[in-house]
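Participant: kindly return the folded structure for what I paste below:
(one chain, ligands or ions: 1)
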Amino acid sequence: MSAHVEGALGAPSRESALLMADARVGLGGPGQKWLPVRWLYDEVGSALFEAIAYLPEYGLTRADERILRSHARALAARLSRGVMVAELGSGSGRKTRWVLEALARQSAVRYHPIDVSAAALARCRVELGEVARVEIATHESDYLEGLSAVAGERGDEDLLVLFVGSTIGNFERAAADDFLAAVRGVLRPGDALLLGTDLVKEVPRMLAAYDDAAGVTAAFNRNLLVRINRELLADFDPRRFDHEVRWDAGSRRIEMHLRSRGAQRIAIRAAELEIRFRDGETIWTESSHKYRPDEPAKLALRAGFRCAAQWSDAEWPFAESLLVAV
Ligand SMILES: C[S@@+](CC[C@H](N)C(=O)[O-])C[C@H]1O[C@@H](n2cnc3c(N)ncnc32)[C@H](O)[C@@H]1O
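Facilitator: Numbering: from 1, shown residues only. Sure, this is the predicted structure:
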């Protein structure tokens, strides 16, 4: 039996209870089946995401790292000394090293990575725990819950929030506006947000980034079903679901789906659910919205920030925008 679901003997963990609620809504309801992107990141999912960053097709992480590495000093120079840093969805924090090192040259830094994945945070502690003059305190929680906790701990220092890697792309556009406004609501005027956005590029290049030849992204996607089997006592056969990647030109987003091979019925015992799939029916598991270069500044204005600087990469169109709370 899973470590998370105690079956008839006990209550599920908080995370499994949330997954169960999302499965009821997203898989049990009528229309397009879907699940929130956060469930892709269990221990295996976080490890597979790390591997994706090394794939030749997935230029996104390397572009982001080139920007952070080249402009970390310019970024630090624009911030007041003695900032506290919070990172939303830090993952392993590998690229963040450049920012932390540049800030730590100016003064000691308190760094707060926030992530729903305990495995990602453990890797982050290993990756960044040794950076000189950086003190690290991890938060295993949802973005806004973690950010509110961090903001509650600070004194007079300014806060720099990192939301890099184009994780904002996982949000629908209206939800991205609401999310940034909620982040702004936790901040004080003068605090900063470094926002990474992957930019629109040639469609075959974007499709390949989410459908690599080695099948690592397909494994990342299918692992969601393995997770549901383990945590909610379901009987998905991941081999009977194909990894499918689509470009929606109207919404300018890449979508990841799991497509059912044939009609099938799946039992999710912990949720007392039976899910029916038609042949070819999909579960929508991730969206990655792509931005035009001028969009982050507009998004910033709508949410109560001004765009103070933007840096981009020439090899793989990607932008990091420094937004200051007004
Ligand atoms: C696309 S990865 C990016 C990781 C890293 N920032 C990078 O740029 O490589 C998204 C990260 O956000 C985390 N995450 C997803 N949904 C989250 C949520 N609702 N609250 C906190 N973290 C979340 C995932 O566990 C994952 O580590």
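Participant: just the strands in this protein please.
Facilitator: 33-34, 84-88, 109-115, 134-136, 139-140, 159-163, 192-198, 241-248, 253-260, 264-268, 273-277, 282-289, 305-312, 318-325 (DSSP state E).
Participant: residue of the stretch 201-326 of the chain with the smallest distance to the ligand?
Facilitator: Closest approach between the stretch 201-326 of the chain and the ligand, counting by C-beta to the nearest ligand atom: Ser288, at 8.5 Å. No exception for glycine: its C-beta is placed from N, CA and C like everyone else's.
Participant: pretty sure that residue contacts Arg253?
Facilitator: Yes: here Ser288 reaches Arg253: they are 6.1 Å apart, a contact under C-beta atoms under 8 Å.
Participant: list residues touching both of these two?
Facilitator: Common contacts of Ser288 and Arg253 (C-beta atoms under 8 Å, 6 or more residues apart in numbering): Gly169.
Participant: redo the strands of the chain as CSV? Include mean pLDDT and mean neighbour count.
Facilitator: Formatted as CSV, these follow (pLDDT from 0 to 100; neighbours: other C-beta atoms under 10 Å):
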stretch, mean pLDDT, mean neighbour count
strand 33-34, 98, 20
strand 84-88, 98, 26
strand 109-115, 97, 25
strand 134-136, 97, 17
strand 139-140, 98, 18
strand 159-163, 98, 24
strand 192-198, 98, 26
strand 241-248, 98, 17
strand 253-260, 99, 21
strand 264-268, 98, 17
strand 273-277, 97, 16
strand 282-289, 98, 22
strand 305-312, 98, 17
strand 318-325, 98, 24
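Participant: which residues of the stretch 51-200 of the chain fall in helices?
Facilitator: Listed in chain order, the helices of the stretch 51-200 of the chain (DSSP state H, counting those that start in this stretch) span 60-78, 96-106, 118-128, 143-153, 173-186.
Participant: what sits against Ala149?
Facilitator: 139, 141.
Participant: please tell me how far it sits from the ligand.
Facilitator: According to C-beta to the nearest ligand atom, to the nearest Å, Ala149 and the ligand sit 12 Å apart.
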